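Trainee: this one's structure only:
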């Protein structure tokens, strides 16, 4: 594809898909059918207007990819003219994300997970069966193509697959839009639109893909699904992922499996919006003080105090302020945020509204992982209902506070789980991390003060305001307060999301999940975490407890492996994952992840002296990545391999 305007003409369908997001082309200069005499007299807008539209690039690419299954040269050219984006830059963005294709492919794309949890539950055999039935991965057969995929966030039902079908969805008509908020300051986005419909609406006809989630997956089920997606197995309800459903001691999971996630009335009948009313009674500063006194820290792995982040953002004189919910959980083995969004979407809407109120934001972005179609539908419906009932919009609950939320779908990039990479992605750039400082609380999204929290962190704000900071802090330990969600997968009898108070031991958690007879190792924290041995199961599950034990709690991944698993193959899969997901921006990560994978390939079947030189190389490369990489991907890419060598004795 030429990286300049080529004059390639989009099809009528592609043009309609883009116009569904951006509106009709206002002039011939911006992609209209022809330039009129009026167009030739002057050009409107300019550099500033073009910058304000750049953030619509990702939604426009989604619209075409969702409708056609791939992004043609003509469609990309049309998007660039509409947004005044250089074609080379738009091409760089389109090729950055794994869910997009700039080459023709069938309308049906089957993503088969081969990552850690699915690998431990038979994904290799599944792929072998598909190869026999379909042909090798990437081969188009019967109007469909299958490909291996990194973690799909369906680990509790491994092995899993996701079928996406491009084309119109006439069974999903658009609903009337709620009132859009005007941007209260400069430097922000254009109209609040996403996915081809106005913010919060359900998908318009043809605006997005049909999706079928097949888990656990078998070759016959996948063959049936690709031939007839409409009759594909439907995804089980959210409570299937929560073995504790119905337990009265649950806090974050208490509604899942017992309350209709689509019903706003059911949510309010079980205490919904009590926390927001208390927040309005307290005022922004007092809300932040409650969060500080409760000791809430981030649940994404960094464990930064949430109240300090809010306080720092609220104190910035520059406006507007933004809130970003990081719902792009792509860490292999992590699926807690998916379950929360599917099973309790109104709780996230309420929690984001409280956070926005506390930091002085009037616009929130929910950056949602592209592989979560069910969560997208549930959240879109919840936003629409909240806006209709006055719980979002220009006057929330009649309190004179304006706040609205826009969903932005990711498109398959692990690196976009890093907070500054999210900013670049929303702004229409490649999802590459930014160097810090400046920190997001000073210059974040659109260069304005921004607070970023993940889904689990935000939902913890609700019990803090409902019961008070002291009651919340009474659960857990002094440094790790409240409860924590753990994503248990692998070779256990009851995989799923478990909620336990901080301070419970790993052994207690595994007893709930039903461990195998012979535990070989447990991976804590996902691909970026570390392994522990079977004799270390009494580690307290707290941030300080795991740190003292030389491992990490991370985002709550607990992957259990028994003696049947070949650990060198697991380590090689981790190395392949980081090699594929490195954005390539910095040399230590770009080169180091490749060298790490190469070394593990060489020694996967060797031990002792035969592996010594490569292990020494791995240590040197690992230290370089940890010390010099720009972001957490490169800094943690060596963690699991290091722990397997040092704690588990792999390659000895």
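Mentor: Received, thanks. These figures come from a predicted structure and were not determined experimentally.

Trainee: By residue count, which helix of this structure is the longest?
Mentor: helix 609-628 (DSSP state H).

Trainee: Tell me where this structure is predicted with low confidence.
Mentor: Residue ranges of the chain with pLDDT under 70: 1-3, 28-29, 31-51, 169-209, 230-239.

Trainee: go with 80
Mentor: Scanning the chain with the threshold set as pLDDT under 80 gives 1-5, 7, 26-52, 142, 168-210, 228-240, 605, 607-608.

Trainee: For stretch 488-501, measure first residue to last.
Mentor: 15 Å (C-alpha to C-alpha, to the nearest Å).

Trainee: Provide the secondary structure category for residue 302.
Mentor: When classified by DSSP: H, G, I helix; E, B strand; the rest coil, residue 302 comes out as coil.

Trainee: go on, residue 635?
Mentor: helix.

Trainee: now swap in residue 367 and tell me
Mentor: Secondary structure, three-state DSSP: residue 367 is strand.

Trainee: Hmm, residue 356 and residue 314 touching each other?
Mentor: No - if you go by C-beta atoms under 8 Å, residue 314 and residue 356 don't touch, sitting 10.7 Å apart. Glycine gets a C-beta too; all of them are placed from N, C-alpha and C.

Trainee: between the two, who's got more neighbours?
Mentor: Each of residue 314 and residue 356 has its neighbours counted (other C-beta atoms under 10 Å); residue 356 has more, 26 against 20.

Trainee: element containing that one?
Mentor: Assigned by DSSP states H and E, residue 356 belongs to helix 345-359.

Trainee: How far off centre is that helix?
Mentor: 18 Å (C-alpha atoms, centre = their mean, to the nearest Å).

Trainee: Which helix or which strand is home to residue 583?
Mentor: Assessed by DSSP H and E, residue 583 sits outside every helix and strand.

Trainee: who's in contact with it?
Mentor: Shown in contact with residue 583 (C-beta atoms under 8 Å, 6 or more residues apart in numbering): 96, 413, 415, 421, 430, 431, 432, 433, 589, 633.

Trainee: Leaving out the residues flanking it, which one is nearest to residue 538?
Mentor: Spatially, and ignoring its direct neighbours in sequence, residue 538 is nearest to residue 505 (5.1 Å; C-beta to C-beta, 6 or more residues apart in numbering).

Trainee: That neighbour bridge partners, please.
Mentor: Following DSSP bridges, residue 505 is listed with bridge partners residue 540.

Trainee: just to revisit the earlier point, mind checking which of the contacts of residue 583 are buried?
Mentor: Buried members of the contacts of residue 583, scored by 16 or more other C-beta atoms under 10 Å, are 96, 413, 415, 421, 430, 431, 432, 433, 589, 633.

Trainee: Please, which helix or strand holds residue 287?
Mentor: Element membership of residue 287 [criterion: DSSP H and E] is helix 284-294.

Trainee: Quick one: the strands in the stretch 501-650 of the chain, in order.
Mentor: 519-524, 530-532, 557-562 (DSSP state E, counting those that start in this stretch).

Trainee: which one of those strands lies closest to residue 398?
Mentor: strand 557-562 (42.3 Å; C-beta to C-beta).
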